[in-house]
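Q: just coords:
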């Protein structure tokens, strides 16, 4: 049975519910309401899973004073590095602020123009997962005895010291998927999956660029990684840019 606009209705416990078509026309429309000062989680492990088109659309959109959560700080002068270079990011929460290809962030950080919250990679993943699961805080032994533990609550359990870390939530998440249907069910391309599923759960609004849009039911429910309940908008980007290629070509954005 169909509702208005061709969206089907499903029957649950005596009620009809309309299935929402979450497709938008362009990356620009997808990120249009990201506001100044927002916290934005951006998927990706280096190049793998980085939503380049959504990031570039965010640069064009103009939001400023962002707090960005990512595994690293980008490479070259494109993608996340370009977002930082264009002065849109006030603070990075990440595990690897400096990598072989990172040129922008280290210079800005040394000059005091951007803030950094350094988080061990496993702790970062768990903080995001906890935020999405409604867990306000948890204890981990990872940073005990290091500068990262300074000023944080510590407890002793079963003969070992632990540091308390807070769950992380965001206003928006920008992620990249291999395939999506119009209801927001997602699958990923191997390791490009990385942080995307937990970021989708931890954000108030999850925005996805999908390489391929498929019809409802074409994705086997048994292999759906991110269910549509965690997705708000999807834009198809059939031939996404590859960060390593852009960096090798010496490209800048914009």
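A: On my side now, so go ahead. These numbers were taken from a predicted model, which means no experiment stands behind them. Numbering: from 1, shown residues only.
Q: tell me how far stretch 101-109 lies from the chain's centre.
A: Relative to the centre of its chain, stretch 101-109 is centred 20 Å away, using Cα atoms, centre = their mean, to the nearest Å.
Q: any idea of the mean pLDDT in that stretch?
A: Mean pLDDT, stretch 101-109: 94.
Q: what is the burial count for residue 55?
A: Using other Cβ atoms under 10 Å, residue 55 has 31 neighbouring residues. For the C-beta atoms, the positions are set from N, CA and C on the backbone; glycine is no exception.
Q: buried residues in the longest helix along the chain, which are they?
A: In the chain, taking DSSP state H as the definition, the longest helix is helix 121-133. Buried residues in helix 121-133, counted by 16 or more other Cβ atoms under 10 Å: 123, 124, 125, 126, 127, 128, 129, 130, 131, 132.
Q: pretty sure residue 182 is touching residue 233, no?
A: No: Residue 182 is beyond contact range of residue 233, at 11.0 Å (criterion: Cβ atoms under 8 Å).
Q: higher neighbour count, these two?
A: Higher neighbour count among residue 182 and residue 233: residue 233, with 21 against 17, using other Cβ under 10 Å.
Q: hmm, back to that, contacts for the longest helix of the chain, please.
A: Applying Cβ atoms under 8 Å, 6 or more residues apart in numbering, the contact partners of helix 121-133 are 41, 69, 71, 93-96, 119, 136-138, 140, 142-143, 165-170, 195, 198-202.
Q: any idea of the mean pLDDT in that helix?
A: 98.
Q: ok, stretch 73-80 next?
A: Here the average pLDDT along stretch 73-80 is 97.
Q: quick one: residues in contact with it.
A: With Cβ under 8 Å, 6+ apart, stretch 73-80 has contacts from 42, 44, 46-47, 50, 52, 55-56, 68, 70, 72, 81-85, 92, 94, 96-105, 241, 243-244, 246-247, 250-253.
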